[in-house]
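**Student:** model the structure of this input:
(one chain, ligands or ions: 1)
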Amino acid sequence: MDGEILIEARHLSRRYGPTLAVSDVNLTLRKGEILGLLGPNGAGKSTTMKMLCGCLSPSQGEVLINGQSMQVKPEAAKRSLGYLPEQPPLYPEFNVDEYLGYCAGLHGISRAERVAAVTRAKQACGLSHMAKRNIANLSKGYQQRVGLAQAIIHRPPVIVLDEPTVGLDPIQIQEIRALIKELGREHSVILSSHILPEIQAVCSRVAIIDKGRIVFAEAMDVIQRESFGSIVLGLRRPPDLAALSALPEIIGVEALGEQHFRLRCAREADPREAIVAEAAKSDWGLIELRPEVRTLEEIFIEKTSGDVLAEAA
Ligand SMILES: Nc1ncnc2c1ncn2[C@@H]1O[C@H](COP(=O)(O)OP(=O)(O)OP(=O)(O)O)[C@@H](O)[C@H]1O
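**Tutor:** Purely as a prediction, here's the structure:
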């Protein structure tokens, strides 16, 4: 994707004393993207999000928001950014209008423009009918909507959401995911989560973080296309492996048994037709041809299995 780059993290690292929580992370968020930062507990998601938002200084590296360096020009960088931390910064004794008006003021929105800004944010987050309700009396789902409304009150091009559905019930989770997708039409979004279906439901791209490092990053549609990354082939009269390796767009061959093979396909390739044609021509006796689906879950477990096993233990 070639959209304008709105967040660029370059070689970000962060230490807490002896703990290296984030190590040499490079990330980009482009216009129009919803990027999911997925990782097991303790992987470094929150630390990364805090550094992206300028709430925590990196031990090393740099963050650019809309071309402005968070380290050199934090005010300019923060103007382009809305942030919903894991614990939303709500004042329970305020009503929704009061709180959002206060947040608008913090973002430097003039008094004359505040009412319009609050109205717009309430509308975008489905809060118009809750305007006079005290935040303390709202359900957790509606409190999260208020958290999202404060993140977009100054119409930033980018919003950063740290674990936005934690602690919500299943219906609230569906609603907040739908709302994030809706906000993604107007804003580019980066959200962190340790919930795979969340990333699958909401994001256009995923980066997996494990032990402070980005171990995988790819567009969702490529993952779905690439889930077709290999083919299991069964042949009654197989040739030698070199002949299978020579098939078009095959980049690796593994024998699964005497008559079964796993063929790894080149990125975005679909060599099925060519394989069938060659098998017929060379009389290999084709008995099976099955694309293998590699789900995000499998990729996640493969890339983070150490942690998952440790957690299970
Ligand atoms: N203030 C701190 N002081 C010391 N260590 C910290 C601090 N904050 C985080 N850590 C450690 O840094 C590592 C990364 O933590 P972080 O909160 O960024 O991970 P996370 O992926 O957001 O996890 P979770 O999903 O559990 O919130 C963990 O080992 C954590 O214990």
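
**Student:** can you list the residues of the stretch 101-250 of the chain near the ligand?
**Tutor:** residue 194 (Cβ under 6 Å from any ligand atom). To be clear about C-beta, it is placed using only N, CA and C from the backbone, and glycine gets the same treatment.

**Student:** what residues are up against the closest residue to the ligand within the stretch 101-250 of the chain?
**Tutor:** Residue of the stretch 101-250 of the chain nearest the ligand, by Cβ to the nearest ligand atom: residue 194 (5.3 Å). Applying Cβ atoms under 8 Å, 6 or more residues apart in numbering, we find residue 194 in contact with 38, 39, 40, 41, 43, 45, 163.

**Student:** what about 10 Å?
**Tutor:** Contacts for residue 194 (Cβ atoms under 10 Å, 6 or more residues apart in numbering) come out as 37, 38, 39, 40, 41, 42, 43, 45, 163, 166, 300, 304.

**Student:** repeat for residue 92
**Tutor:** Neighbours of residue 92 in contact, by Cβ under 10 Å, 6+ apart: 99, 134, 135, 136, 137, 138, 143.

**Student:** and for residue 282?
**Tutor:** Contacts of residue 282 (Cβ under 10 Å, 6+ apart): 235, 237, 239, 243.

**Student:** show me the strands in the stretch 201-313 of the chain, by range?
**Tutor:** Ranges of strands within the stretch 201-313 of the chain are 205-210, 213-219, 230-235, 250-255, 260-265, 286-292, based on DSSP state E, counting those that start in this stretch.

**Student:** could you dump the ones you listed into JSON lines with mean neighbour count and mean pLDDT added?
**Tutor:** Formatted as JSON lines, the strands of the stretch 201-313 of the chain follow (neighbours: other Cβ atoms under 10 Å; pLDDT from 0 to 100):
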{"stretch": "strand 205-210", "mean neighbour count": "23", "mean pLDDT": "94"}
{"stretch": "strand 213-219", "mean neighbour count": "17", "mean pLDDT": "92"}
{"stretch": "strand 230-235", "mean neighbour count": "20", "mean pLDDT": "93"}
{"stretch": "strand 250-255", "mean neighbour count": "15", "mean pLDDT": "93"}
{"stretch": "strand 260-265", "mean neighbour count": "19", "mean pLDDT": "92"}
{"stretch": "strand 286-292", "mean neighbour count": "14", "mean pLDDT": "92"}
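
**Student:** can those go into JSON lines with extra columns for distance to residue 111?
**Tutor:** Conversion of these to JSON lines gives the following (distance: least, Cβ to Cβ, whole Å):
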{"stretch": "strand 205-210", "distance to residue 111": "39"}
{"stretch": "strand 213-219", "distance to residue 111": "43"}
{"stretch": "strand 230-235", "distance to residue 111": "61"}
{"stretch": "strand 250-255", "distance to residue 111": "62"}
{"stretch": "strand 260-265", "distance to residue 111": "60"}
{"stretch": "strand 286-292", "distance to residue 111": "60"}
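
**Student:** all strands of the stretch 51-200 of the chain, in order?
**Tutor:** Counting by DSSP E, counting those that start in this stretch, the strands of the stretch 51-200 of the chain are 60-65, 68-69, 81-84, 158-162, 188-193.

**Student:** which one of those strands lies nearest to residue 274?
**Tutor:** Relative to residue 274, the nearest member of those by Cβ to Cβ is strand 188-193, separated by 39.2 Å.

**Student:** and the closest one, which strands flank it?
**Tutor:** strand 34-38 (parallel), strand 158-162 (parallel) (DSSP bridges).

**Student:** now render those strands as JSON lines, adding mean neighbour count and mean pLDDT.
**Tutor:** Below are the strands paired with strand 188-193 laid out as JSON lines (neighbours: other Cβ under 10 Å; pLDDT from 0 to 100):
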{"stretch": "strand 34-38", "mean neighbour count": "27", "mean pLDDT": "95"}
{"stretch": "strand 158-162", "mean neighbour count": "25", "mean pLDDT": "94"}
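
**Student:** in a markdown table: those, plus distance to residue 152.
**Tutor:** Below are those laid out as a markdown table (distance: least, Cβ to Cβ, whole Å):
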| stretch | distance to residue 152 |
| --- | --- |
| strand 34-38 | 14 |
| strand 158-162 | 6 |
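
**Student:** out of the ones you listed, nearest to residue 286?
**Tutor:** The nearest among those, by Cβ to Cβ, is strand 34-38 at 38.2 Å.

**Student:** any stretches of this protein with poor pLDDT?
**Tutor:** 1-2, 225-228, 293, 305-313 (pLDDT under 70).

**Student:** rerun that using 80 as the cut-off
**Tutor:** The chain contains residues with pLDDT under 80 at 1-3, 222-229, 267-268, 293-295, 298, 302, 305-313.

**Student:** so which residue is dead centre in it?
**Tutor:** In the chain, the centroid-proximal residue (Cα atoms, centre = their mean) is residue 36; its distance is 0.7 Å.

**Student:** how far away is that residue from the ligand?
**Tutor:** 13 Å (Cβ to the nearest ligand atom, to the nearest Å).
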